[in-house]
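Give the three-dimensional model of this entry:
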Amino acid sequence: MSLPPETARRVDARVARAQSEGRAPSLVLGVVRDGELTHVAAAGERPRPDADRQYRLGSITKTMTAVLIMQQRDAGALALDDPLERHLPGTGVGQLTLRQLLGHASGLQREPAGPWWERVDVGDLAAVLAGVDGRKIAYPPHRVYHYSNLAYGLLGGALEAVTGTPWRDLLRARLLEPLGMTRTTYDPVEPFARGYVVHPWHDTLREEPRTDTGAMAPAGQLWSTVTDLGRWAAFLADPDSALLHPDTLTEMCATVTMSDPQGWTSGHGLGLELYRVGERVHVGHGGSMPGYVAALAVHRPARTAVVGFANSYGLRVGHLGALAREVLTTVLDELPEPAAPWLPADAPPPADVAELTGRWWWMGGEFEFRADPATGDLWASPPAGEPVLRFTPQDPDRWRGRSGEQDGELLTVVRDDAGRPVALDMGTFLLTRTPDEEP
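Sure thing, here's the model as predicted:
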């Protein structure tokens, strides 16, 4: 679905202004809708950007490392509340859990010991672990949000210990190849944009080193393109269940800690950043490495995303992630989600389901239950309102809540001596057929 011409013009103009005012040698944003890259907005000449030119992903790499962890969790190879020591012994911080490390709630310091890793080649895991001990824990776990690159280096080490496969090989086999992300690589592959620092007073460029982050690669090593990052955004919007169960990705989007505890505008899930923009919550991540910034913002309900890169370390004004979320908001506001067409059912539901439909009451409040012919589920809502509660069949006369405040709760059908349903026990709240009946 391509953007309407006026929306595309707005996006192009905003990207051009950001490149000019931010003094980025080049800047490129892509809009993804329903799994497809539908628009690319580019500005700058050093080099002229396009959808196939590589830039550095930086910390967006962490989102892929997190998905690899969740794949192993779903396979039963680890648990999120496992202490790191169980999978990577001898670190000196082994009491921290995988969940805490994923959500930046471990209190672990930001970087490994030694020179700033983003500008200096990093050795293997043993070299990183040599500088890790209990003094690396700056705060008690869950005391505050504290972003940690080191946490993801350790998670990468845990993945290698659990799978017996180097992180980069596991990433390629479990994510990049299945998703067709052929231009996402460990090292840069031409054509790629060189990364710069822009001099603040005379506008000259200083090319930055392209380091090998070694054991810290799971935190920020990768290179990618707008086309490939668009594929990753589409996966985060609507995952291929052969790679990751949709419920697992939803779990990753639940808040582990608030990075903005005063305003509640941003938080962190399991490897994904969460941003509140108006009434919407976007998921994604920012990225930076010397000479590069990157952005990924996804609105999952609308299956719409914005991805982007610039080849300078920060923009003179603003922030690339904020620009991506601004453009995403523009697209969503101007392209409201189309309503799904109503289709008649081919046949009525089974009798034991049909007799549960209709109106039920609790404490003077009314619920209307409808059968979903496509799934066999029951939906409950206020009369003529949007469905708010979903129940899936579990056993005869027992349904499991799958949404809203009844998520995980049991709905049990209460029958009279003649076998007729006379009440619904919804997690101990008893619904009756009329408002006059005593529960």
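
Disregarding residues adjacent in the polypeptide, which is nearest to residue 66?
Among residues not flanking residue 66 along the chain, residue 271 sits closest, at 2.2 Å (C-beta to C-beta, 6 or more residues apart in numbering). Where C-beta positions appear, they are placed from N, C-alpha and C, glycine not excepted.

does that neighbour really touch residue 63, like I thought?
Yes. With contacts counted by C-beta atoms under 8 Å, residue 271 reaches residue 63, the gap being 5.4 Å.

can you tell me the helix or strand for the residue lying closest to residue 272 once chain neighbours are set aside?
Nearest non-adjacent residue to residue 272, counting by C-beta to C-beta, 6+ apart: residue 283, 4.8 Å away. Secondary structure from DSSP states H and E places residue 283 in strand 280-289.

CA-only coordinates of that strand in PDB, if you can.
Extracted C-alpha coordinates of strand 280-289, given in PDB (Å, rounded to 0.1, in the frame of the first residue of the first chain):
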ATOM      1  CA  ARG A 280      -0.300   5.100  20.700                       C
ATOM      2  CA  VAL A 281       2.600   3.000  22.000                       C
ATOM      3  CA  HIS A 282       5.400   2.300  19.500                       C
ATOM      4  CA  VAL A 283       8.000  -0.400  20.000                       C
ATOM      5  CA  GLY A 284      11.400  -0.500  18.500                       C
ATOM      6  CA  HIS A 285      14.900   0.700  19.300                       C
ATOM      7  CA  GLY A 286      17.500   3.400  18.600                       C
ATOM      8  CA  GLY A 287      21.000   2.800  17.500                       C
ATOM      9  CA  SER A 288      24.300   4.600  17.400                       C
ATOM     10  CA  MET A 289      27.900   3.800  16.700                       C
END
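
to the chain's geometric centre, what's the distance from the next helix or strand after it?
As assigned by DSSP H and E, the chain's next helix or strand after strand 280-289 is strand 292-299. On the basis of C-alpha atoms, centre = their mean, to the nearest Å, strand 292-299 is displaced by 11 Å from the centre of the chain it belongs to.

now stretch 148-161
In terms of C-alpha atoms, centre = their mean, the centre of stretch 148-161 is found 19 Å from the chain centre.

Buried residues, that stretch. List them.
Of the residues in stretch 148-161, 148-160 count as buried by neighbour count, 16 or more other C-beta atoms under 10 Å.

Which one of those residues is nearest to residue 211?
residue 149 (13.0 Å; C-beta to C-beta).

I'd say that closest one and residue 221 touch.
No. The pair residue 149 and residue 221 fails to qualify as a contact (C-beta under 8 Å) at a distance of 11.0 Å.

Go through the helix or strand of the chain with the lowest mean pLDDT and flag the buried ones.
Taking mean pLDDT, DSSP states H and E as the measure, the chain has helix 125-129 as its least confident helix or strand, at a mean of 86. Residues 125, 128, 129 are the ones in helix 125-129 that count as buried (16+ other C-beta under 10 Å).

What sits closest to the second one if chain neighbours are left out?
Think residue 128. Nearest to residue 128 is residue 215, by C-beta to C-beta, 6+ apart, at 4.4 Å.

With residue 427 instead?
The spatial neighbour of residue 427 that comes closest, neighbours along the chain excluded (C-beta to C-beta, 6+ apart), is residue 409 at 3.6 Å.

Then residue 129?
In space, and not counting its chain neighbours, residue 129 is closest to residue 91: 5.8 Å by C-beta to C-beta, 6+ apart.

number of nearby residues for the one you found?
Residue 91 has 21 neighbours, counted by other C-beta atoms under 10 Å.

Likewise for the one 5 residues further on?
Summarising burial for residue 96: neighbours were counted as other C-beta under 10 Å, giving 22.

Assess the claim that residue 377 and residue 400 are in contact.
No. The pair residue 377 / residue 400 is not scored as a contact, 9.9 Å apart, by C-beta under 8 Å.

shared neighbours of the two, which are they?
Common neighbours of residue 377 and residue 400 (criterion: C-beta atoms under 8 Å, 6 or more residues apart in numbering): 391, 392.

what's the longest helix in this structure?
The residue-count maximum for a helix in the chain (DSSP state H) belongs to helix 5-22.

What helices and strands are in contact with the very next helix or strand once past it?
The C-terminal neighbour of helix 5-22 among helices and strands, as given by DSSP H and E, is strand 26-33. Packing contacts for strand 26-33, counted by 3 or more C-beta pairs under 8 Å, 6 or more residues apart in numbering; DSSP states H and E, involve helix 5-22, strand 36-44, helix 226-237, strand 304-310, helix 320-334.

Any idea how far strand 26-33 is from the middle of the chain?
The chain centroid and the centroid of strand 26-33 are separated by 18 Å under C-alpha atoms, centre = their mean.

If we go by neighbour counts, what in stretch 168-178 is buried?
The neighbour-count check on stretch 168-178 (16+ other C-beta under 10 Å) flags 168, 170, 171, 172, 174, 175, 176 as buried.

should've said stretch 261-274
Buried residues in stretch 261-274, counted by 16+ other C-beta under 10 Å: 266, 267, 268, 269, 270, 271, 272, 273, 274.

cool, stretch 300-311 as well?
Across stretch 300-311, burial judged by 16+ other C-beta under 10 Å covers 300, 302, 303, 304, 305, 306, 307, 308, 309, 310, 311.

I'd like those as TSV, with pLDDT appended.
Below are the buried residues of stretch 300-311 laid out as TSV (pLDDT from 0 to 100):
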residue	pLDDT
300	97
302	94
303	95
304	97
305	98
306	98
307	98
308	98
309	98
310	97
311	97
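
Nearest to residue 347 among these?
Of all those, residue 303 has the smallest distance to residue 347: 30.3 Å, by C-beta to C-beta.

wait, that closest one sits on residue 237?
Yes. Counting by C-beta under 8 Å, residue 237 is a contact partner of residue 303 at 4.5 Å.

which neighbours do those two share?
Common neighbours of residue 303 and residue 237 (C-beta under 8 Å, 6+ apart) are residue 35.

Let me see the confidence value for the closest residue to residue 314 other than its chain neighbours.
Nearest non-adjacent residue to residue 314, counting by C-beta to C-beta, 6+ apart: residue 293, 6.1 Å away. On pLDDT, residue 293 comes in at 96.
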